[in-house]
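Undergrad: fold the following, please.
(one chain, ligands or ions: 1)
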Amino acid sequence: MQYHPLQSPTDGMAVNGPIEPFVKMHRSPSRCHEQFKKLDESTESEESYATLTLKDGRTIKLRHLAPTAGSDIVLDVRSLYNDEQVCLYDPGFNSVASCASAITFVDGALGKCHYRGYDVSSLVKRHDFLDVAYLLLNGELPDTAERRMFEDVLKSEMLVHNRIKEFITTFVPGAHPMSILSSVLSAMASFYADPMDQRYMQDRAMRELACVRLLAKIPTVVAMAYKVLIGEPMVYPRADLSYAENFLYMMFATPTSPFVVNELHAQVIDTFLSIHADHEQNASTSTIRTAGSSLANPYACIATGVTSLWGRAHGGANEAVVDMLTDIGSVQKVPEFIKKVKEKKCRLMGFGHRVYKNTDPRAFVMQDLCHKVFAQMNAPDPLFQIAKALETVALNDEYFVSRKLYPNVDFYSGIVMRALHIPKEMFTVLFAMGRCVGWLSHWKEMVEERQIKITRPRQLYVGEAPRLLPGEKREKNKASEPSTDDKKSS
Ligand code: ACO
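TA: Alright, predicted model coming up:
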């Protein structure tokens, strides 16, 4: 059957209410849809193939796949194992393209990041987070009517079910907000369940609804998690505020004191969310795709992204940077700390990246935000001075230069958040709030472009060869031969 990426026989059946016009709104298929189809087109031209020669003399032709940007050489090895029983050993997937995607492109050598073809550093200067979210989810920036509708439906979905609110209150005061967020998202899967979650696969409207609900509710859940952390009453969202203003309002308003959102702080949150919104196949996004590849409920899939993001090598780095700067304590102690890093006693958190080997463009945006908030405060954070001193020393040190280690987006992000009075336990959960739209875009793309193939890598087995249990005798006439070790011991 000819398929159209945005249609299915049950489209729109399951959705009604104020959200209905938005989820049923016609959107053209992504401009990149044809690229996905090309993946499966065969080609006769000899130049389109590379040849792999194995030690047994077999030669295998591997088709070149052409990326639409960048100079990577990509070889199609999809049938390599089934056809030839050859697999590739690559822990951490350094040299493996796990999927095809048309959402974000990172040029590690040039230090560039593009969302749907637009340079992120320029995009965030002209468009707010909701535009960026719409762009990532749908492939194009919204026109005025689309933007208004998108904002309206998000606002209509900001509240969470009272049982979710009650659930959040059961966490102990001081509970880490990432623990609360991942648990709440898993719990949401039971609120928005579908028998075996089939309709999420078949019905575009159901998918749109899941995306809108998650985007709308995450700031409310995150702010509620903060209130649990500090033991204050929860504050409900307001429809008259923007996405970022609303978040700050829910974080800092209390029933006893009026709270006026600082405009610059709202801008900072907005930009922070935008530059964290997506970053191609990072650990958490790959986790989402893995969970989604089993056709799991999308709310449950997003919960897996939160847990994967939590670690210090990924989204948890922003919290770890502030711990590190606090431990260093003063600019004078920077050389001593750098010595420890070079002796491999610890890592310089907020430095290094799997893909960027020149600069992380998002780090410049964060540094710029630092300068803006400190200019307004007129009182720079002492940790900012330590961070700048660390950066200067590291960028001129052979250890870091030779390994191509540069500040990443998280090096300055914690310092910016501190200036907004956001405690460090909240840094990673704010990252999750921004990245949620990237996770959703990848999940949606995977489903709509028929890119679902259950994730099931092979392995290089290095354990015991098959052997008999102690006292076990080999059955006579058994087809399989025991291993050499078995022969020796029997
Ligand atoms: N400090 C000191 N040395 C480092 C650092 C660092 N931050 N990062 C890498 N190195 C060194 C390693 O020790 C290794 O040295 P060696 O070749 O002498 O053994 C070399 O650089 C390569 O390191 P890998 O760990 O192999 O690089 P990888 O690409 O796997 O790791 C990562 C990337 C995880 C980001 C790493 O650079 C790191 O741990 N950075 C600190 C944590 C951090 O800031 N994470 C946030 C990443 S951005 C994000 O997720 C939003």
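
Undergrad: contacts only, for the residue in the stretch 301-450 of the chain that the ligand sits nearest to.
TA: The ligand sits closest to Gly352 of the stretch 301-450 of the chain, with a gap of 2.3 Å, by C-beta to the nearest ligand atom. (Glycine included, C-beta is placed from N, CA and C.) By C-beta atoms under 8 Å, 6 or more residues apart in numbering, Gly352 lies in contact with Arg403, Leu405, Tyr406, Asn408.

Undergrad: check contacts around the first one.
TA: Read it as Arg403. Arg403 neighbours (C-beta under 8 Å, 6+ apart): Gly352.

Undergrad: and it, how close does it get to Leu395?
TA: 12 Å (C-beta to C-beta, to the nearest Å).

Undergrad: quick check on the residue lying closest to Ala50 once chain neighbours are set aside: phi, psi?
TA: Leaving aside its sequence neighbours, Ala50 sits nearest to Leu62 (C-beta to C-beta, 6 or more residues apart in numbering; 4.9 Å). Main-chain torsions, Leu62, degrees, to the nearest 10: phi -120, psi 130.

Undergrad: tell me how many other residues crowd the closest residue to the ligand within the stretch 151-300 of the chain.
TA: Closest approach between the stretch 151-300 of the chain and the ligand, counting by C-beta to the nearest ligand atom: Asn282, at 6.1 Å. Using other C-beta atoms under 10 Å as the criterion, Asn282 is surrounded by 22 other residues.

Undergrad: that one against Gly311, yeah?
TA: No - the pair Asn282 / Gly311 is not scored as a contact, 11.6 Å apart, by C-beta atoms under 8 Å.

Undergrad: assumed Val172 was part of a helix.
TA: No - per DSSP: H, G, I helix; E, B strand; the rest coil, Val172 lies outside any helix segment and is coil.

Undergrad: contacting residues for the residue of the stretch 51-200 of the chain found nearest the ligand?
TA: Residue of the stretch 51-200 of the chain nearest the ligand, by C-beta to the nearest ligand atom: Gly92 (6.0 Å). By C-beta under 8 Å, 6+ apart, Gly92 lies in contact with Arg354.

Undergrad: show me what counts as buried in the one helix or strand Arg147 maps to.
TA: Under the criterion of DSSP states H and E, Arg147 resides in helix 144-156. By 16 or more other C-beta atoms under 10 Å, the buried positions in helix 144-156 come out as Glu146, Arg147, Met149, Phe150, Glu151, Val153, Leu154, Lys155.

Undergrad: quick one: residues contacting the first one.
TA: In other words, Glu146. Listed by C-beta under 8 Å, 6+ apart, the contact set of Glu146 reads Met25, Tyr134.

Undergrad: next: the last one.
TA: When contacts are counted by C-beta under 8 Å, 6+ apart, Lys155 touches Ala216, Ala239.

Undergrad: name the SS class of Val261, please.
TA: Put simply, Val261 is coil when judged by three-state DSSP.

Undergrad: now swap in Gln281 and tell me
TA: Under three-state DSSP, Gln281 comes out as coil.

Undergrad: quick one: pLDDT of it?
TA: Looking at Gln281, its pLDDT is 97.

Undergrad: next, work out how far apart it and Ser308 are.
TA: 12 Å.

Undergrad: and for Val393?
TA: From Val393 to Ser308 the distance is 32 Å (C-beta to C-beta).

Undergrad: between those two, which one's more packed in?
TA: Each of Val393 and Ser308 has its neighbours counted (other C-beta under 10 Å); Ser308 has more, 21 against 16.

Undergrad: other SSEs contacting whichever strand or helix holds the more buried one?
TA: Using DSSP H and E, Ser308 maps to helix 298-309. With contacts defined as 3 or more C-beta pairs under 8 Å, 6 or more residues apart in numbering; DSSP states H and E, the packing partners of helix 298-309 are helix 177-191, helix 204-230, helix 283-292, helix 427-448.
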